[in-house]
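*Asks:* below are the sequence and a predicted model for it; my questions follow.
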Amino acid sequence: MLALSRWQRPVSLRTKLLVGFSVVFGVVFAGAFYWFYSFTTDKVLTRLRADMQATLYGALAGLDPELLQALYETGQPNADGFSNDPRYLAVMDWFQMVHSIEPRAWLYTYATGDARYHQRAIAQQVQPNEPITVYLVDIWSAYNPEKAAQFLETTESGSALRRIASGSTLEEFGIYEDEWGTWVSAFVPLPNQGNGLVFGLGLDIEASYVRQIQSTIRQRVLIASALAYSILFGLIYILSGMLTRQLRELTHAADQIATGDYSLGQFAISRGYFPDEMTSLSQVFRGMVQSIRVREQLIREGKRTEDQMRLALEEERELNELKSRFIAMVSHELRTPLTVIRTSIELLDRYGHVASEEKQQHYFQRSRIAIETMNQLIEDVLMIGKAEAKKLDFKPVLLDLRAFCRDVVDEVRLGVGHTHRVAFVHQGDDAEGYFDPKLMRSILTNLLSNAIKYSPTGSTVEFSLTCADRTATLVIRDAGIGIPLDDQPMLFELFHRASNVHTIRGTGLGLAIVRQCVLEHGGDISFVSQEDRGTTFTVQLPLLRHLNLEPFSTVAVESPPSAASNGIEPSEPSEPSTEIEASGHLAPEGSETPNAPDDQPDDQPDDRDKQ
């Protein structure tokens, strides 16, 4: 699917249809309302103007212009501002009769013209040629004097009165509002005018009912439109849902396909009596999805086969590499002891008859040590093979771990002689528990021999045993060459040796054997090392007072966790070896690694696995 820009938001087709309907309905309704509103208002006003014109001309027929002129010239106002003149009262009686016939009509008379012709106008600050209006009789004086114009009241003439004064026969105002209400007004001049004045008849008709009609139209039309809009909106909503249902299903199915799901869920093809374009589109879409599903399945199967082949090739490559490293290691490690044996035998064969007894024993001893070295290498290889096949023997017996560790230390000291010191310390509770003596000897011998092998001559290897909280903790610390940081993640891998071991011999098997032996006991091994500062290994084993084989489940040797070692050679001899080679290093954080002695003899066999 195409990606939308950050400012774009998808809008459903149904929403577009509803919005479009609302806009069209609003425009159509506004036009219809305007037409109906204008039409009705015009009809009402037309009728009102007709009534107004008929009333105005009817009232005009009953007026005597000479009487109005005489009233203007000689009439006198009373104390209320109106007049008791019989002529004034006669006009008022006529106005009241017209009002009784048309209650909406409110009549009044006036005289309009330039100020210089108005002899009876109340003095005003106007120019002589400025038109002014003087009111005579106003029917409002009989009903509401506050609304009435007083007798001889003078005002400036408006535009309508000016046009009447100029000869117009009738002037009408549209609807207007003032403080007294809503009105429609008209003016008509009286005949027989003279002396520069125009006498006129004015009519105001109440038009408030026009506003009421307009308000009623607005209210009822709005209610009707709201009702019609609601009904039509609901119908459009239902119809748009029916029309866009398959489109929504297609969109949902496309989203599923985009995520790799080709099941199509509830998507179904409509098969009604009147199939349309959407039906055809649905069928084409389903066929397309089925084709894509088949192709992707073929691609997935091909990818799986490819991955399997790549994995098999990788495993075969690793196996070949492991075999090559194993053959190289065995060839290298067996060459030295075989050379020692061959040399000793040749010397004894050639010069045995002249060699002293002490010299002969020396050559025999060298041969025995070489044989033990080869035997130890074979034992280590067998142990690794058993561990990988999950057939490693684990036979725990009740063991005094403190005494056992002391015996192993004594054996190591005996083999090392005076080149290194091994300091053993025990702390904590009673050290009795169930352990496999053979595996424990392999753990201690490999770790101690590694610590010695990679430490400088004359240095001290510290070994401590702490028993507390049903856990035996063994810590072996040296001050040797340490383990480079890059090698530490691969410390427990078979045949791996650290990059700084240089000419120090080893097989790269020892730490793998140590780790497997620790796992067989249900324990844990860790290390901390700093190059040229030393290494510290920490082994934690459960201290079981009663035999329970459940925690001692056999665990095959896996690719060891991260660690890099200086090299360890396994050594699990049943008897202490007279010659011990240091192995790789494992340690808890904060320890240092041993440095390799420079004067290690070449004929000394290597008993450790990893470095």
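*Replies:* Arrived safely, thanks for sending.
*Asks:* tell me which residues of stretch 133-142 come out buried.
*Replies:* Neighbour-count burial for stretch 133-142 flags 133-141 (criterion: 16 or more other Cβ atoms under 10 Å). (C-beta placed from N, C-alpha, C; glycine too.)
*Asks:* ok, now stretch 184-204?
*Replies:* Result for stretch 184-204 [16+ other Cβ under 10 Å]: buried residues 184-190, 193, 197-204.
*Asks:* of those residues, which pair is most distant in space?
*Replies:* Checked with Cβ to Cβ, these reach their widest spread between Val184 and Leu197, with 26.3 Å between them.
*Asks:* hey, which helix is longest across this protein?
*Replies:* In the chain, with assignment by DSSP state H, the single longest helix is helix 277-351.
*Asks:* against which helices or strands is the following helix or strand past that helix packed?
*Replies:* Using DSSP states H and E, the helix or strand that directly follows helix 277-351 along the chain is helix 357-388. With contacts taken as 3 or more Cβ pairs under 8 Å, 6 or more residues apart in numbering; DSSP states H and E, helix 357-388 sits against helix 277-351, helix 510-520.
*Asks:* okay if I get those helices as JSON lines plus mean pLDDT, distance to Arg87 and mean neighbour count?
*Replies:* Converted to JSON lines, the helices and strands packed on helix 357-388 look like this (pLDDT from 0 to 100; distance: least, Cβ to Cβ, whole Å; neighbours: other Cβ atoms under 10 Å):
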{"stretch": "helix 277-351", "mean pLDDT": "77", "distance to Arg87": "89", "mean neighbour count": "13"}
{"stretch": "helix 510-520", "mean pLDDT": "85", "distance to Arg87": "136", "mean neighbour count": "29"}
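*Asks:* distance to Asn500 added to these, as a markdown table?
*Replies:* Listed next are these as a markdown table, based on distance: least, Cβ to Cβ, whole Å:
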| stretch | distance to Asn500 |
| --- | --- |
| helix 277-351 | 19 |
| helix 510-520 | 16 |
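*Asks:* what's the closest of those to Ser12?
*Replies:* helix 277-351 (15.5 Å).
*Asks:* can you list the domains in the chain?
*Replies:* The chain breaks down by automatic domain parsing into domains covering 62-206, 340-387, 390-610.
*Asks:* out of the ones you listed, which is the most enclosed?
*Replies:* Neighbour counts (mean count of other Cβ atoms under 10 Å) averaged over each of the domains of the chain peak at domain 390-610, with a mean of 22.
*Asks:* distance of the nearest residue in space to Leu398 that is not next to it in sequence from Gly241?
*Replies:* Of all residues not flanking Leu398 in the chain, Tyr434 sits nearest, at 5.8 Å (Cβ to Cβ, 6 or more residues apart in numbering). Distance of Tyr434 to Gly241, given as Cβ to Cβ, to the nearest Å: 75 Å.
*Asks:* got the domains of the chain as CSV, with distance to Phe21 columns?
*Replies:* Shown next, in CSV, are the domains of the chain (distance: least, Cβ to Cβ, whole Å):
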stretch, distance to Phe21
domain 62-206, 36
domain 340-387, 78
domain 390-610, 68
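*Asks:* hey, least reliable of those domains by pLDDT?
*Replies:* Of all the domains of the chain, mean pLDDT reaches its minimum on domain 390-610 (a mean of 71).
*Asks:* show me what counts as buried in stretch 220-234.
*Replies:* 221, 225, 229.
*Asks:* which one of these is nearest Phe39?
*Replies:* Set against Phe39, the nearest of the buried residues of stretch 220-234 by Cβ to Cβ is Val221 (12.1 Å).
*Asks:* share the number of residues neighbouring the nearest residue to the closest one once chain neighbours are set aside, please.
*Replies:* The shortest distance from Val221 to any non-neighbouring residue, by Cβ to Cβ, 6+ apart, is to Phe33 (5.4 Å). Applying other Cβ atoms under 10 Å, we find 16 residues neighbouring Phe33.
*Asks:* Phe33 belongs to a helix, doesn't it?
*Replies:* Yes. Secondary structure of Phe33 (DSSP: H, G, I helix; E, B strand; the rest coil): part of a helix.
*Asks:* wait, doesn't it sit right on Ser225?
*Replies:* Yes. Contact criterion Cβ atoms under 8 Å: Phe33 and Ser225 qualify, at 7.3 Å.
*Asks:* most remote residue from the middle of this structure, which is it?
*Replies:* Residue farthest from the centre of the chain, counting by Cα atoms, centre = their mean, is Thr74 at 96.7 Å.
*Asks:* can you pull the phi/psi pair for Leu399?
*Replies:* Backbone geometry at Leu399, expressed as degrees, to the nearest 10, gives phi -140, psi 140.
*Asks:* might you report the residue contacts of it?
*Replies:* Listed by Cβ atoms under 8 Å, 6 or more residues apart in numbering, the contact set of Leu399 reads 432-435, 437, 440.
*Asks:* so which of these belong to strands?
*Replies:* When the contacts of Leu399 are checked against strands (DSSP state E), the matches are 432-435.
*Asks:* from those, which two are the most distant?
*Replies:* Farthest pair in the ones in strands among the contacts of Leu399, by Cβ to Cβ: Glu432 and Phe435, 9.7 Å.
*Asks:* which neighbours do those two share?
*Replies:* With Cβ under 8 Å, 6+ apart, Glu432 and Phe435 have common neighbours 399, 401.
*Asks:* got the phi/psi numbers for Gly81?
*Replies:* Note on Gly81: backbone dihedrals following degrees, to the nearest 10 are phi 100, psi 0.
*Asks:* whoops, Gly428 was the one
*Replies:* Per-residue torsions, Gly428: phi 100, psi -160 (degrees, to the nearest 10).
*Asks:* that one reaches Cys467, doesn't it?
*Replies:* Yes. Here Gly428 reaches Cys467: they are 4.0 Å apart, a contact under Cβ under 8 Å.
*Asks:* just the local confidence number for Thr55, please.
*Replies:* pLDDT, Thr55: 90.
*Asks:* which elements pack onto whichever helix or strand it is part of?
*Replies:* According to DSSP H and E, Thr55 maps onto helix 13-61. Under the contact criterion of 3+ Cβ pairs under 8 Å, 6+ apart, helix 13-61 touches helix 86-101, strand 105-114, strand 181-189, strand 198-206, helix 208-258.
*Asks:* to the chain's geometric centre, what's the distance from the second one?
*Replies:* Taking Cα atoms, centre = their mean, to the nearest Å, one finds strand 105-114 lying 81 Å from the centre of the chain it belongs to.
*Asks:* which neighbours in the sheet does that strand have, and how are they oriented?
*Replies:* strand 131-138 (antiparallel), strand 198-206 (antiparallel) (DSSP bridges).
*Asks:* now these as TSV including distance to Ala54?
*Replies:* Output for the strands paired with strand 105-114, formatted as TSV (distance: least, Cβ to Cβ, whole Å):
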stretch	distance to Ala54
strand 131-138	21
strand 198-206	11
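*Asks:* so how far is Glu358 from Gln516?
*Replies:* Plainly put, Gln516 is 43 Å away from Glu358 if you go by Cβ to Cβ.
*Asks:* one more: Asp393?
*Replies:* Remark: distance between Asp393 and Glu358 (Cβ to Cβ) = 42 Å.
*Asks:* isn't Tyr229 right up against Phe25?
*Replies:* Yes. If you go by Cβ under 8 Å, Tyr229 and Phe25 touch, sitting 5.8 Å apart.
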